[in-house]
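> The amino acid sequence is not available; the structure is as follows:
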C-alpha cells in the first residue's frame, strides 16, 4: 500500500493523489483503504511515518568536516532534481496536518541522530566541550535546504564541501557553543 | 483579484483554491479569470509575483548582528504560526510550476537585496574584505527556516538573536569568506 502511495506521489505528485488511485494501483479494495487509513491525509501521514521509521545512521568518516559533507550530500541529494520522494512528502505536509506532524517528527529524529557526528568530534578533541551539536548540523543543512527548496538553486559538491569545512572550522574555533 | 487569491489561501489553503472560488469572491466573471490567468496555477504564480514585486529594503540598525537579527525575525515571523501567506505561497509552489519559478525569484531577489547588510558591515570594517554576503545571510535564515518549516519548532527571539550574534562573530573572524 505504501509502495503504491510512493509510486503515485512520484508519478503524479501529491496534487492528484486519491484513495481510489492508490486502491487501484495496490489492488486493495477501496473500502479497505478507507477503513484503515480514513482518507488521503492518513495515507500521506503513513508514507511519511514509513520514511521516519526506516533505519538511518549518520556518516562516520573520521572527521567532522567529512561527516558534515556526507550528511549534507545526503540531504541535498534527497531534495534536488524533482520529483523526489522527499519533496513529495514535504508537499504532502501542506495537504495533511497528520503528514505535517509526521514530517516534523522525521526531521527531529534525523537531527537527533545526526548530532552524533558532533559528539564524536568532541570526543576526538576536534571541537571544544559545550559545542552545540544541533547548531552545527543545522548550520550545514539549513542554508543548503534554503538554496535547493526556496532559491531553486542547484547545489554542487564543492559548495557542500566548502560549507561543511567552514562550519567545522567555526565549531573548532568555539563559535558554535 | 490577487486580494481574493490571498484571502482564499489564508482561509482555505492552497488545497481548496479554485478559479470559481476566486471569481466568486472577487466578483469578477469566471470567464474573465480563465482568459487572463488560465488556471489556478496562473493565479498562484501571480500571487507570488505580487509578493516578489512588493517593495522591500533590508534592515539598517547600525550593526551586522542587529541587521541579521531584524532580518531573521522578519523571515521567522512570516513563516511561523500557520496559516501565513508565506507558507501558503510555499505550498502553492508545489502545486504550480509557474508559482515555483516565481517563488525562487522571490527568494533570489530578497537574498540579493539582503546582502546589503553585509556590504555595509564590510564598509564599517566589522567584517573583512572578501566576506561572502550570501553565505552570511543564509547562515542565519537557513537554520531558522529549517527549524520552523521542517522541524516544526517554534523559534523564539533569543534563538534568533543568539544565532545572529554567532554568525556575525564568525563573519568578523573571517570564517565566512
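Received it, and whenever you're ready, just let me know what you need. What you see is a predicted model; the values in this text were computed from it and never measured.

> Centre of chain A to the edge, which residue is at the far end?
Distance from the C-alpha centroid of chain A peaks at residue A:31, with 32.1 Å (CA atoms, centre = their mean).

> Need the three-state assignment for that residue.
Under DSSP: H, G, I helix; E, B strand; the rest coil, residue A:31 falls in the helix class.

> Name the residues of stretch A:123-133 that are buried.
Within stretch A:123-133, the residues that count as buried by 16 or more other CB atoms under 10 Å in any protein chain shown are A:126, A:127, A:131, A:132, A:133. For glycine as for every other residue, the C-beta is placed from the backbone atoms N, C-alpha and C.

> In the record's domain split, what are the boundaries for chain A?
Domain segmentation of chain A under automatic domain parsing yields A:2-50, A:56-172.

> Contact partners for residue A:137?
A:68, A:71, A:111, A:114, A:115, A:117, A:118 (CB atoms under 8 Å, 6 or more residues apart in numbering or on different chains).

> With residue A:5 instead?
A:17, A:22, A:43, A:44, A:46, A:47.

> from those, which is closest to residue B:2?
Each of the contacts of residue A:5 was checked against residue B:2 using CB to CB; the closest is residue A:17, at 28.3 Å.

> does the closest one count as helix, strand or coil?
Going by three-state DSSP: residue A:17 is coil.

> distance of it from residue A:79?
20 Å (CB to CB, to the nearest Å).

> Neighbour count: those two, which is higher?
Between residue A:17 and residue A:79, counted using other CB atoms under 10 Å in any protein chain shown, the more crowded position is residue A:17 (22 against 19).

> quick one, phi psi at the more buried one?
phi -70, psi 130 (degrees, to the nearest 10).

> I figured it hits residue A:44, correct?
Yes: contact status for residue A:17 versus residue A:44: in contact at 7.4 Å, counting by CB atoms under 8 Å.

> By mean pLDDT, flag the weakest helix or strand of chain A.
helix A:2-12 (a mean of 87; mean pLDDT, DSSP states H and E).

> buried sites along that helix?
Per 16+ other CB under 10 Å, helix A:2-12 contains these buried residues: A:4, A:5, A:6, A:8, A:9.

> In contact with the third one, which residues?
Going by CB under 8 Å, 6+ apart, residue A:6 touches A:47, A:85.

> From residue A:56, how far out is it?
17 Å.

> how much space between residue A:72 and residue A:167?
From residue A:72 to residue A:167 the distance is 9 Å (CB to CB).

> no no, residue A:155
Counting by CB to CB, the gap from residue A:155 to residue A:167 is 15 Å.

> Starting from residue A:42, give me the distance back to the nearest residue to residue A:20 once chain neighbours are set aside.
Distances taken as CB to CB, 6 or more residues apart in numbering or on different chains put residue A:30 closest to residue A:20, at 5.8 Å, once the chain neighbours are dropped. Going from residue A:30 to residue A:42 by CB to CB gives 13 Å.
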